[in-house]
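1. How does the following fold in three dimensions:
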Amino acid sequence: MEDYAGAWMAVRGRCHRLVYGDGDGHPEGCPGVPVTSGWRADGRQCWYRVDACVRHAGQLQDRPRPQAGPEGQNRLR
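-> You can find the predicted model right below:
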């Protein structure tokens, strides 16, 4: 399985990466078992706490320093 265009999702309890499906050409969530958690930023620099499998753990970042405001459910503004 190959990573899908750098795409990821912020769903806790699942690996954050989207990967190519089994021949259908549509992205799906990585089937890897999450072993760690960290942070990812979207294009607007909103930070999300996400989980990752062993294969994708290196793509996570350390917790960012918040600019202002409280931490949301899994999102840090």
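
2. pLDDT score for residue 45?
-> According to the prediction, residue 45 has pLDDT 86.

3. Would you mind measuring from it to residue 64?
-> The gap separating residue 45 from residue 64 is 9 Å, by C-beta to C-beta, to the nearest Å. To be clear about C-beta, it is placed using only N, CA and C from the backbone, and glycine gets the same treatment.

4. could you pull out the strands for the chain?
-> Assigned by DSSP state E, the chain shows strands spanning 3-8, 17-20, 27-29, 36-41, 47-52, 75-76.

5. so can I have a markdown table of those showing distance to residue 60 and mean neighbour count?
-> Output for the strands of the chain, formatted as a markdown table (distance: least, C-beta to C-beta, whole Å; neighbours: other C-beta atoms under 10 Å):
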| stretch | distance to residue 60 | mean neighbour count |
| --- | --- | --- |
| strand 3-8 | 10 | 14 |
| strand 17-20 | 10 | 19 |
| strand 27-29 | 16 | 15 |
| strand 36-41 | 3 | 16 |
| strand 47-52 | 5 | 22 |
| strand 75-76 | 14 | 15 |
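
6. Right, I'll leave it there.
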